[in-house]
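> here is a sequence together with a model predicted from it:
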Amino acid sequence: MEMLPSGLPNLIDSEEDLARFLTQGGHYNAQMAKPAAFLPSLKDHETSVSRHGFEPLERLWIIGRDATNGRNLHGVAVFKARTVGTAQLEAVADEPPHRHAAIRGWPWLDDPELQKAQQKERAIVLAVASKLLLRGN
Amino acid sequence: MPEPVSTTIGICWLGYSALHGYARGGSAVSTEAAAVREAASKVVEFAERSQVLFGEKSVAISQLWTLANDCDEQGWDGYDASAINQAALFTAEQFLRALPHDIPIPEFAAEPDGSISLDWIVSRNRLFSLSVGANNRLAYAWLDGADRGHAVARFDGNNVPARVLEGIKEIGVYGNASLRAA
């Protein structure tokens, strides 16, 4: 199996944890991370995540700080890689940086609103399957 | 005998609705019409500052503007997000004004393409998420137990599309004014 510079395998296992870091108060509430937190970037048509679970927590926050370019890190939403398949998307290892992965396969259509509607439906799947951890908790 | 407060507010509300129509402009061009419109605008502006008349909607509109302020530059999410689109902000405000009073105020979130997400979240298994972007076509998606889907509806600036209202009601938020506090 091909290994990456981080020591992780190139292929993401369905039971692996993926972390999406949250830098906006509007991207979560007391119950959960919201769908908007998982929507893809316009620039590269993908959602950046890190291959890391809640433990060890100290390392998770270090990865989060680096992944979000020093923005105010509010928390993290962690979900299993298999959820990405349930949402009809694909999780792909994408180093560097270490442990970085990308969620790809988002609908990209000629009709931007229909595209957004389809993306939202997939983002909902990721949001409801995520466990939320806020910083300081 | 003084009228009950609720009746008085109701009458004020009807009057306000008519004024809001004037304040938003029209085809009349006479000096008198312009004066009426200007006066109506002032009344509307004053009324919208009043918590008594607007309550939650006034607070929500302030929150929308705060969100836009927080996300007014590229990369606000630490990744590559676009700044909130001004047209999206205006449309989201119109949508809030048009939202029937028995539908709870949604939660807001910025989206990476500069749109604004309006979310009604009942639980992890029941939510409705609507996206307001740079034009009047609204993208939305929902989860209702095992059922989920998506669609697009056109917003005329005054009336929330019937299909959107039905979708919000179907996830069980109808009449639940305390949704945001949940």
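Received it, and whenever you're ready, just let me know what you need. Numbering: from 1, shown residues only, chains lettered A, B, ... in the order given.

> chain center to the longest helix anywhere in chain A, what's the gap?
Counting by DSSP state H, the longest helix found in chain A is helix A:112-129. Remark: helix A:112-129 is offset 14 Å from the chain centroid, using Cα atoms, centre = their mean, to the nearest Å.

> now stretch B:97-105
7 Å.

> need the contact list for the closest residue to residue A:1 other than its chain neighbours.
Taking Cβ to Cβ, 6 or more residues apart in numbering or on different chains, and ignoring the residues beside it in sequence, residue A:1 has residue A:9 as its nearest neighbour in space, at 5.1 Å. In short, each C-beta sits where N, CA and C put it, glycine included. Taking Cβ atoms under 8 Å, 6 or more residues apart in numbering or on different chains as the criterion, residue A:9 is in contact with A:1, A:2, A:3, A:93.

> and for residue B:165?
Per Cβ under 8 Å, 6+ apart, neighbours of residue B:165: B:100, B:103.

> all helices of the chain, in order?
This is for chain A. A:57-67, A:81-86, A:112-129.

> looking at chain B here, not the other one
For chain B, helices defined by DSSP H occupy the ranges B:5-23, B:31-48, B:51-54, B:56-70, B:86-98, B:162-170.

> quick check: mean pLDDT of the first one?
Over the span of helix B:5-23, the pLDDT mean works out to 49.

> measure the nearest residue to residue A:71 once chain neighbours are set aside to residue A:27 for me?
Distances taken as Cβ to Cβ, 6+ apart place residue B:78 nearest to residue A:71, at 3.7 Å, with adjacent residues excluded. Distance from residue B:78 to residue A:27, counting by Cβ to Cβ, to the nearest Å: 11 Å.

> check residue B:114 too.
15 Å.

> who has more neighbours out of those two?
residue A:27 (25 against 22; other Cβ atoms under 10 Å in any protein chain shown).

> for that one, what are its contacts?
Residue A:27 touches A:33, A:34, A:36, A:37, A:74, B:77, B:109, B:110, counting by Cβ under 8 Å, 6+ apart.

> now the residue in chain A that chain B sits nearest to: closest residue in space that isn't a chain neighbour?
Closest contact between chain A and chain B, by Cβ to the nearest Cβ, is at residue A:68 (3.0 Å). Sequence neighbours aside, residue B:78 is the residue nearest to residue A:68 in space, at 3.0 Å (criterion: Cβ to Cβ, 6+ apart).

> likewise for residue A:25?
Per Cβ to Cβ, 6+ apart, closest to residue A:25 is residue A:74, 6.3 Å.

> could you do residue A:119 as well?
Residue A:119 sits nearest to residue A:106 (Cβ to Cβ, 6+ apart), 5.4 Å away.

> surely the one you found is in contact with residue A:44?
No. Using Cβ atoms under 8 Å, residue A:106 makes no contact with residue A:44, being 10.3 Å away.

> okay, those two: which has more neighbours?
residue A:106 (21 against 13).

> give me the below-cutoff pLDDT ranges for the chain.
No chain in the question, so chain A it is. Counting by pLDDT under 70, chain A contains low-confidence residues at A:137.

> wrong chain, I was asking about chain B
For chain B, the ranges with pLDDT under 70 are B:1-29, B:42-54, B:174-182.
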